[in-house]
Each structure stands twice: as C-alpha cells, then as structure tokens.
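# Just the structure for this:
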Amino acid sequence: QVQLVESGGGLVQAGGSLRLSCAASRRTASSSAMGWFRQAPGKEREFVAVINWSGTTTYYADSVKGRFTLSRDNAKNTVYLQMNSLKPDDTADYYCVAGAYTTATKAHEYNYWGQGTQVTVSS
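Predicted coordinates for the structure are as follows:
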C-alpha cells in the first residue's frame, strides 16, 4: 500500500501562483507515475498532469498547459505542481495520484489517491 499526502493548497487571487506538494510513503512499480486530478464543485473529476518515474516525461491537460509545471524529487518521493497564472476556473479540490502508467489520464487507471487539498482562486 502507498499513502499519498498532499499539501500547499489555499486561497489566491487570479493571476497568482501556488505550489502543491505530494509525498508518497514508498515507491512501487504500481505507483511509479505520479500526478494530479482535480474536481470542482458540481463537476466531474478531471486529469491535470502526470510525470513518469525519472521525471523526463510529463503530460498536461490542455486547460493547464503552459501555466502548470509538474516535477519530482525522487530522493524525497515527492512531486510538485507549480501553478502559475491561476484563474477562477482552477478552483477545485486537487488530488494527488499514483499509478503504473504515465500515459494514464483516466481516474480508474490510478491505484492510489491522496485525500485532496483545496485550491480557491478569487477573481
């Protein structure tokens, strides 16, 4: 079993920045790819970004491409989501995920989920 613990959410004005962190309790083959999903009130959970184990490959949702950057520090089993130029539409609960495949963009493809951290962007 792998536990994921998120931190870094909060309230920010539109145009501002936040950095989310997610620490994994351990590394396994089924949790080598790590990333984020988000869910806004009244909306379905959606894919945000994913990074492979080595950190050499990342995928982003079109809605965040160019504004969000996902990175990882394997010495700390931690991934970081740097979110810049935030918009009110980015308001959501953000969930850290871990799975086996970097190409996965569907929620059911991820084996492990964090508890979520709230991000609120005011206009």
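
# How about the contacts made by Tyr61?
Not quite, residue 61 is Ala, not Tyr. Neighbouring residues of Ala61 by Cβ atoms under 8 Å, 6 or more residues apart in numbering: 46-49, 105. Where C-beta positions appear, they are placed from N, C-alpha and C, glycine not excepted.

# let's go with 10 Å and repeat that
Counting by Cβ atoms under 10 Å, 6 or more residues apart in numbering, Ala61 touches 36-38, 46-50, 68, 105.

# residue nearest the centroid of the protein?
Against the mean C-alpha coordinate of the chain, by Cα atoms, centre = their mean, the closest residue is Trp36 at 2.3 Å.

# Shouldn't that residue be within a strand?
Yes. Membership of Trp36 in a strand is supported by DSSP: H, G, I helix; E, B strand; the rest coil.

# Enumerate every residue touching it.
6, 20, 22, 46-51, 60-61, 64, 68, 70, 79, 81, 83, 94-97, 114, 117 are the contacts of Trp36 under Cβ under 10 Å, 6+ apart.

# Quick check: bridge partners of it?
Taking DSSP bridges as the rule, Trp36 bridges to Ala49, Cys96.

# ok, back up a step: quickly name whichever of the contacts of Ala61 is closest to Arg27.
Val50 (15.5 Å; Cβ to Cβ).
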